[in-house]
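Enquirer: Requesting a structural model of the entry that follows:
(2 chains)
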Number of protein chains: 2
Amino acid sequence: MAKEEKKQGFVEHITPRDVDFSQWYTDVIKMTELCDYSPVRGCMVMRPYGYAIWERIQAELDQRFKATGHENVAMPMLIPESLLLKEAEHVEGFAPEVAWVTHGGTEELTERLAVRPTSETIFCTMYSKWVQTWRDLPMKYNQWCSVMRWEKSTRPFLRTSEFWWQEGHTIHATAEEAQEETLTMLEVYREVAENVLALPVICGRKSDKEKFAGARATYSIEAMMQDGKALQAGTSHNFGTNFAEAYDIQFQSKEGKLEYVHETSWGVSTRLIGAIIMTHGDERGLRLPPTIAPIQAVILPIAAHKPGVLEACEKLNEELKAAGLRVKLDDRDTVSAGFKFNDWELKGVPVRVEVGPRDLENGVVTIFRRDLCEKVTLPLEGLADAIKELLADIHKNLFEQAKAFRDNRTQTVSNMEELGEVVQTGFAKAMWCGSRECEDTIKEKFNATSRNMPFDQTPIGETCVCCGKKAEKLIYFAKAY
Amino acid sequence: MAKEEKKQGFVEHITPRDVDFSQWYTDVIKMTELCDYSPVRGCMVMRPYGYAIWERIQAELDQRFKATGHENVAMPMLIPESLLLKEAEHVEGFAPEVAWVTHGGTEELTERLAVRPTSETIFCTMYSKWVQTWRDLPMKYNQWCSVMRWEKSTRPFLRTSEFWWQEGHTIHATAEEAQEETLTMLEVYREVAENVLALPVICGRKSDKEKFAGARATYSIEAMMQDGKALQAGTSHNFGTNFAEAYDIQFQSKEGKLEYVHETSWGVSTRLIGAIIMTHGDERGLRLPPTIAPIQAVILPIAAHKPGVLEACEKLNEELKAAGLRVKLDDRDTVSAGFKFNDWELKGVPVRVEVGPRDLENGVVTIFRRDLCEKVTLPLEGLADAIKELLADIHKNLFEQAKAFRDNRTQTVSNMEELGEVVQTGFAKAMWCGSRECEDTIKEKFNATSRNMPFDQTPIGETCVCCGKKAEKLIYFAKAY
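Expert: Alright, predicted model coming up:
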């Protein structure tokens, strides 16, 4: 019992968010056992509770990828250096953070192999081999894997040397189709972020400075964390014929001409778990969106030694499972009810069902909603349906809380002073001339970067927030993860 | 049309199995587009059709792992050399085939990192950190990932430098529990091999010579390919306290004593796809077991230009999908019906549903069973249920064909002459003294290895097939992949 009760002690010691948000994040991750540090620099271990969240996210995304006509494949994790070098911008962007394999067994390799930092180069190589005529197009492939980027400073889920993700890579016959694909997948990401993860996001196009190395255009979804910083939660790139030219991916058109394919790529990663923590978490720990919560409802027997209580809990457990809910009956007799309350609140389980002798007499249970930290009494009869409604409401509430928070901390700014102030606590919406110089100045002065140019470009002014020249674009600036 | 019809030509050119089995295998893999060679030595690309099979295998296994109390995690793909060196037998077994990362970005690393060839060493390191008392046990974790072994000669699916697999790693308080786990997971593998993949397998224990580097005991399931060679299709290892001692994984027992945990690991890989091909394939290509076939039934309109045919096909397509079948309507108008027949037979789709104007008049369809290459007529009404029954029967037939083949090619032998003859075409069941010397002799003379010692050890003689001394064990010998 000593060990568990010691853990209970920990629960009381989550650093408050307003004292040190970064320490709060670390505390929560450690205590919830989502992940752990590994003996490999900058690489994390995903523990069962963290990985179960990732599995739920994967399942939700994967079914949408398939519904939009994509197929999964698996590409090698190693990429010969010569392949990586073919597209100049791309190699410049990634070479500094590549881990290199130089030896196989006892032999030194004649050519170094990169542990993939991303797989455009290998997809391009294979596409160039596979595509012959317009009939082969489009090819819309995705892979689930981990990639490696030798990061200097790392934080679990947010920036690790190895991370887990999906990368979609597609080739198309026309520029229009590629652009449609780019935006379709951005919309899939928005829909999953909002409807599955309860993360309100801003969709838009990245500036040239912030776009992916080798892309003609990068689009992103941007979420706001509770410290007011932005987190890029997903990206979708249109490469045009940029990689096709470098990797010679040509096809014979209907008209019999040789043409380059138009290509896209898009990805989200385990970073989304960091976004969930930092968007919804509170002083008690996690608050998990019901759709991806590994446990949606935990059943706690109260006074479990009293006749009938444990039996009722077991029956309820089976009923709720049969109704398709992810339920856990916590019948541990080595810890107190109070310890269990803390433990499951820490772990962010959306609904706690308390079943005591008096409840049973009255044919009811006591329900604790993790999002509001409020109790309600519900009849045992029809409980599965009531919990499903509750979960839908919890999702809605988490989303609305996060959206209200973000909207409160988003302000339009028209000069550098205002911009400097607003990015201390949130997003600054500003007009911008489109020059990289102004982005550099803002980065230098306030450590803020442009996030994206939203699709709704209704102007809020006429001059650039930085240089005062004629403004071209509406854009968000923020400090970012 | 030229390209597709050229492909059709290819179909006629699968090398017959009895002419060159190895070339037949390569032809089938290439033409079915299950996988492709990559620009990285010994590494393959899994294409959509191959990966879809792997996804089905994953799903079937994963649900059984969870039902037996296992949880998924993700461990780093890189392992510091010092960790790999801790268990002597293990490092000796794997060091010669490790790919080494020596540089991160532009910096040379102070310690080399192995691209994981398997993950015992990293699981042990984490377990040593996570386990404190008997209350923490057992820990039963699994991961899905790819691993890298720098193989000298490679064959797609059977032996590639990178391959995809699952590796379960568990720790337990007692030797009994670890042994029970080892055998439980072997049984899961047997059940999946037989009931999902239609592969009859022999379960048993490996000889010391053939066991996993660092294991106290290795168990395997062994399948017979159509050239009579054995393929080790899955292994389950009991490590005893071997790794626990090397990695210091101790726990406080109920009695308050410090004790080493007892550990297991178990894995199957994309090799299973190779086993499916080489067990069930025929001169026309693949024959896929229905449970893992990406497409279970393909609908082909005959005389699709005739009124009502295409509409009837579309309606049927929706009906079969709604009934939970994986169906594809092949409504291509750029290729002939004959081409389509060949194409789907090549790809091993278990059932073909031909829908023509005359069939429709009579309220029937023509069904082609890929396993028997036979046609039957079935009523349109109630077709979904009829196809489900048919798929169950196809599975049963594939299994029984494979089992009859294996049983026909398995013979008991009592001397070296017989053994040498039998392993030319199949499995030799023999008595064995238990010495490594005899295994070495048999390997040297006949290029055959011991497969496993089956659980049923009813003796078939008294003396060792090789040295003639007192026999200790019943064991299988075969040439093997």
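
Enquirer: Only C-alpha atoms from now on, for both contacts and neighbour counts.
Expert: Will do.

Enquirer: Closest residue of the stretch 251-400 of chain A to chain B?
Expert: A:T334 (10.0 Å; CA to the nearest CA).

Enquirer: For A:K340, see how far away that residue is.
Expert: Going from A:T334 to A:K340 by CA to CA, to the nearest Å gives 10 Å.

Enquirer: A:I292: what's it in contact with?
Expert: A:53, A:56-57, A:196-197 (CA atoms under 8 Å, 6 or more residues apart in numbering or on different chains).

Enquirer: hmm, back to that, measure how buried the residue of the stretch 251-400 of chain A closest to chain B is and give me the count.
Expert: Residues lying near A:T334 (other CA atoms under 10 Å in any protein chain shown) number 11.

Enquirer: and if you look at A:G93?
Expert: By other CA under 10 Å, neighbour count at A:G93 equals 12.

Enquirer: Does it belong to a helix, a strand or coil?
Expert: Recorded secondary structure, A:G93: helix (DSSP: H, G, I helix; E, B strand; the rest coil).

Enquirer: Could you report the pLDDT at it?
Expert: Looking at A:G93, its pLDDT stands at 86.

Enquirer: contacting residues around it?
Expert: Contacts for A:G93 (CA under 8 Å, 6+ apart) come out as A:A213.

Enquirer: cool, A:C43 as well?
Expert: Per CA under 8 Å, 6+ apart, neighbours of A:C43: A:37, A:160-163, B:76.

Enquirer: change it to 10 Å
Expert: By CA atoms under 10 Å, 6 or more residues apart in numbering or on different chains, A:C43 lies in contact with A:36-37, A:148-151, A:154-157, A:159-163, B:75-78.

Enquirer: Tell me the spacing between A:V101 and chain B.
Expert: 4 Å (CA to the nearest CA, to the nearest Å).

Enquirer: helices and strands around the helix or strand harbouring that residue, which ones?
Expert: Under the criterion of DSSP states H and E, A:V101 resides in strand A:99-104. Packing partners of strand A:99-104 (3 or more CA pairs under 10 Å, 6 or more residues apart in numbering or on different chains; DSSP states H and E): strand A:78-80, strand A:107-115, strand B:99-104, strand B:107-115.

Enquirer: Just the angle for it relative to strand B:99-104, thanks.
Expert: 140 degrees (axes from the mean of the first three to the mean of the last three CA atoms, to 10 degrees).

Enquirer: In strand A:99-104, which of the residues would be classed as buried?
Expert: Residues of strand A:99-104 classed as buried by neighbour count (16 or more other CA atoms under 10 Å in any protein chain shown): A:99-104.

Enquirer: and if you look at stretch A:185-196?
Expert: In stretch A:185-196, counting by 16+ other CA under 10 Å, buried: A:185-187, A:189-196.

Enquirer: which one of the buried residues of strand A:99-104 sits closest to A:F399?
Expert: A:A99 (38.6 Å; CA to CA).

Enquirer: would you turn the buried residues of stretch A:185-196 into CSV with distance to A:A213, secondary structure and pLDDT?
Expert: CSV is the format used below for the buried residues of stretch A:185-196 (distance: CA to CA, whole Å; DSSP: H, G, I helix; E, B strand; the rest coil; pLDDT from 0 to 100):
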residue, distance to A:A213, secondary structure, pLDDT
A:M185, 19, helix, 98
A:L186, 18, helix, 98
A:E187, 22, helix, 98
A:Y189, 21, helix, 98
A:R190, 23, helix, 98
A:E191, 26, helix, 98
A:V192, 25, helix, 98
A:A193, 24, helix, 98
A:E194, 27, helix, 98
A:N195, 30, helix, 98
A:V196, 29, coil, 98
